[in-house]
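**Student:** Give me a model of this one.
(chains A, B, C and D)
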2 protein chains.
Amino acid sequence: MEPTVLDALTSPRRRAILRMVWDRELMAGEIAAGFDVSWPAISQNLGVLRRAGLVIERRAGTRRLYHADQVALAPVADLLRVMWAADLLALKDAVEADAGRGPRS
Amino acid sequence: MEPTVLDALTSPRRRAILRMVWDRELMAGEIAAGFDVSWPAISQNLGVLRRAGLVIERRAGTRRLYHADQVALAPVADLLRVMWAADLLALKDAVEADAGRGPRS
DNA sequence: TCAATCCTTAAGCTGGCACTTAATCTGCGT
DNA sequence: ACGCAGATTAAGTGCCAGCTTAAGGATTGA
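**Tutor:** Take a look at the predicted model:
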């Protein structure tokens, strides 16, 4: 029932979130502002990351602050670098495919 | 359109196939016999692995032989070890969840 | 060329996952 | 107590990856 580390990492969105909080602590709202999807969507993804043990939640008043758990992430740090590189390629491909709708080069 | 290395590795089934042909060459039929899904399902997964450049196909008569491309796999070998370990855990959890239907311990 | 074997490709179905909107919760200020 | 801001939880929708069955090559042997 609880999501595994791999479950959490298979989503590009969650990898992007993880990169945002890699070396700093951010409010849920700040994280959500970085994407053009709804707040609840980000909240749900944060929940997956938290239950998988990849991020740590800290409450401060009405706010919830998140940051990557470096210890838990150490074994998959290399994996993440590979995936982030792949994410950039996928983004590049998507942009080019979209440009394909316009004037052909 | 062509599947990426990561696309190929996200599927537990494909990781299992990859492990089968890690250090030996097997016929498509032999691989399919190792799973309780249909032949075409395995063939499709082999196609993904092949287009992603992770396995090499060799034709011998009417047969098609597959084996892992060690060179292409080298950069993600560690990743695979992590994923195979996770696969074992997932299997263990699945078995325990299934046992939960029967008599409680 | 005919049939048989081995395997892939085509077409359609389905479960799961990430998203949406709406409702709810929690802590703070007044 | 009340209202508001910050965020999660609940309920429902749509899409996609992987499966199924059925049809279609490719190669060998008679």
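
**Student:** which bits of chain A sit near DNA strand D?
**Tutor:** A:27-29, A:39-40, A:42-44, A:46-47, A:57, A:62-64 (CB under 7 Å from any atom of the strand). (Glycine included, C-beta is placed from N, CA and C.)

**Student:** same thing but 10 Å
**Tutor:** By CB under 10 Å from any atom of the strand, the residues of chain A that approach DNA strand D are A:10, A:26-33, A:38-48, A:50-51, A:55, A:57, A:59-66.

**Student:** tell me, which of these make contact with chain B?
**Tutor:** A:Thr10 (CB under 8 Å from any CB of the partner chain).

**Student:** Not counting sequence-adjacent ones, nearest residue to A:Pro12?
**Tutor:** Excluding its sequence neighbours, the residue lying closest to A:Pro12 (CB to CB, 6 or more residues apart in numbering or on different chains) is A:Asp87, at 5.5 Å.

**Student:** Helix or strand: which one has A:Leu65?
**Tutor:** strand A:63-68 (DSSP states H and E).

**Student:** buried stuff in that strand?
**Tutor:** A:Arg64, A:Leu65, A:Tyr66, A:His67, A:Ala68 (16 or more other CB atoms under 10 Å in any protein chain shown).

**Student:** what is the rounded mean pLDDT of that strand?
**Tutor:** What strand A:63-68 shows for mean pLDDT is 98.

**Student:** One more: stretch A:87-101?
**Tutor:** Computed over stretch A:87-101, the mean pLDDT rounds to 64.

**Student:** Stretch A:7-25 too?
**Tutor:** Stretch A:7-25 comes out at a mean pLDDT of 96.

**Student:** And that stretch, end to end?
**Tutor:** Criterion CA to CA, to the nearest Å; first-to-last residue distance in stretch A:7-25 is 23 Å.

**Student:** Equivalent analysis for stretch A:60-76, please.
**Tutor:** Using CA to CA, the two ends of stretch A:60-76 sit 29 Å apart.

**Student:** Distance check, the residue in chain A positioned nearest to DNA strand D against A:Arg64.
**Tutor:** Ranked by CB to the nearest atom of the strand, the top residue of chain A for proximity to DNA strand D is A:Gly29, at 2.4 Å. Distance, A:Gly29 to A:Arg64, by CB to CB, to the nearest Å: 9 Å.

**Student:** Please apply the same query to A:Met83.
**Tutor:** Distance of A:Met83 to A:Arg64, given as CB to CB: 25 Å.

**Student:** Okay, strands next: where are they in chain A?
**Tutor:** A:26-27, A:55-60, A:63-68 (DSSP state E).

**Student:** Let me know whether the first one sits next to DNA strand C.
**Tutor:** I take that to be strand A:26-27. No. If you take CB under 10 Å from any atom of the strand as the test, strand A:26-27 misses DNA strand C, and the best it gets is 13.7 Å.

**Student:** What lies in contact with that strand?
**Tutor:** With contact meaning CB atoms under 8 Å, 6 or more residues apart in numbering or on different chains, strand A:26-27 is reached by A:Met20, A:Arg63, A:Arg64, A:Leu65, A:Tyr66, A:His67.

**Student:** How many residues are close by A:Arg58?
**Tutor:** Neighbour count of A:Arg58, defined by other CB atoms under 10 Å in any protein chain shown: 10.

**Student:** I am finished for the moment; much appreciated.
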